[in-house]
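Novice: 3D, please:
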Amino acid sequence: MRDFSIQRLVISLAIAAVVMLLLPLGMNTFVLTPLLIYGLLGMSLGLIWGFGGILCFGQAAFFGLGAYVYAISAINIGESTFPMLLAILIPAVFAAILGAMMFYGRLGDVYLGVITLVVTLIFFKFMNSTAGPEYVIGTARLGGFNGIPGFQTLNVPGMADEYIYGDSLYYVTFVILVLVYWLVNGLLQSPFGRIAIAIRENEQRASLMGYDIRARKTTLFAIGGAIAGLAGALYANWAEIVTPGLFSLGQTAEIIIWCIVGGLGTRLGPILGAAGLGYLKFLLGQQAFLDNAIVMGLILVLFVLFLPKGLIPAIEDIWSLSVGKRRRRRPARRRKRRALSNG
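Specialist: The predicted structure follows:
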């Protein structure tokens, strides 16, 4: 069994390496990099919502927080290694504190969604109002609606002048996405992940079995916040500027749509949904006839009505149906051949 899992890991890594090398042949890495970052962000919500049953409207808050933490600390430190770690740690701690207050407060699902949405809007409102010179952290000015430009971007650890940008940033982002995917995959296959899925299915039964529901939900929520913060830091390095728009309501809605379209409760669904809809948004940005928000809303309505499980589960159902038909045909053909041979 262990050899089989290692074999699957090797095959999947080989496929990922081939995809990583082939994608730049058909698309500019400057476009591919944010799609990978969106995939990482979609994975963060897919983990806590699809496998933990926690509907969160606050992934944009963790995403924006990670970007701002990186930008502020990079300006003050002048090197990217420690700011990247802070961009993961601080959103994780913030998510853990917020999650503990909500889960230990025994709030219902509706209130969880409302509180996380309000937190995101508070970040958006506050960051837009920090244009004055008094809003300074160290040597970094928050900049209000203008955001924070001109910070140290990603560099080779210990070599501040060796920048990672362009094609190199694409490859680094791809490797990070694959690494986080397999860490999440390992987490879900561990006892912790199986219990988290059990809590999603029946929280009361899991509680009666002796599991600490609130602690496990808080931990899963913090992990989702850490992944979103990492995505925010990578986005800051790609865009080379952070603005309050990272906390916007539109950004929050898009993350939810990515997961619904890709398929909740699947590992690849949120990633592919984020990358696919992110590329569609890029194409729509090149024309003025159709509004992006209208198209996204229409896609959401169509998927909720006709493909409520999402794209990946629909493809899996079609595949299993076709395989089942082939298996049923084989015994029928064998019986026919036997009958002909006996006749």
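Novice: Only C-alpha atoms from now on, for both contacts and neighbour counts.
Specialist: OK.
Novice: Do a quick rundown of the helices in the stretch 101-250 of the chain.
Specialist: Listed in chain order, the helices found in the stretch 101-250 of the chain under DSSP state H, counting those that start in this stretch are 109-128, 167-189, 191-201, 203-208, 213-239, 249-262.
Novice: Could you export the last one as PDB, keeping only the C-alpha atoms?
Specialist: In other words, helix 249-262. Extracted in PDB, the C-alpha atoms of helix 249-262 (Å, rounded to 0.1, in the frame of the first residue of the first chain):
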ATOM      1  CA  LEU A 249     -16.300  42.300  -2.000                       C
ATOM      2  CA  GLY A 250     -15.700  41.400  -5.600                       C
ATOM      3  CA  GLN A 251     -12.600  39.500  -4.700                       C
ATOM      4  CA  THR A 252     -14.400  37.700  -2.000                       C
ATOM      5  CA  ALA A 253     -17.200  36.600  -4.300                       C
ATOM      6  CA  GLU A 254     -14.800  35.400  -7.000                       C
ATOM      7  CA  ILE A 255     -13.100  33.000  -4.600                       C
ATOM      8  CA  ILE A 256     -16.400  31.400  -3.700                       C
ATOM      9  CA  ILE A 257     -17.400  31.200  -7.400                       C
ATOM     10  CA  TRP A 258     -14.100  29.500  -8.200                       C
ATOM     11  CA  CYS A 259     -14.800  26.700  -5.700                       C
ATOM     12  CA  ILE A 260     -18.400  26.200  -6.700                       C
ATOM     13  CA  VAL A 261     -17.500  26.000 -10.400                       C
ATOM     14  CA  GLY A 262     -14.500  23.700  -9.900                       C
END
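Novice: Can you name the next helix or strand after that helix?
Specialist: Scanning forward in sequence from helix 249-262 by DSSP states H and E, the next helix or strand is helix 269-284.
Novice: residues making contact with stretch 101-112?
Specialist: The contact list for stretch 101-112 (Cα atoms under 8 Å, 6 or more residues apart in numbering) reads 54, 55, 56, 214, 217, 218.
Novice: Brilliant, that's me finished.
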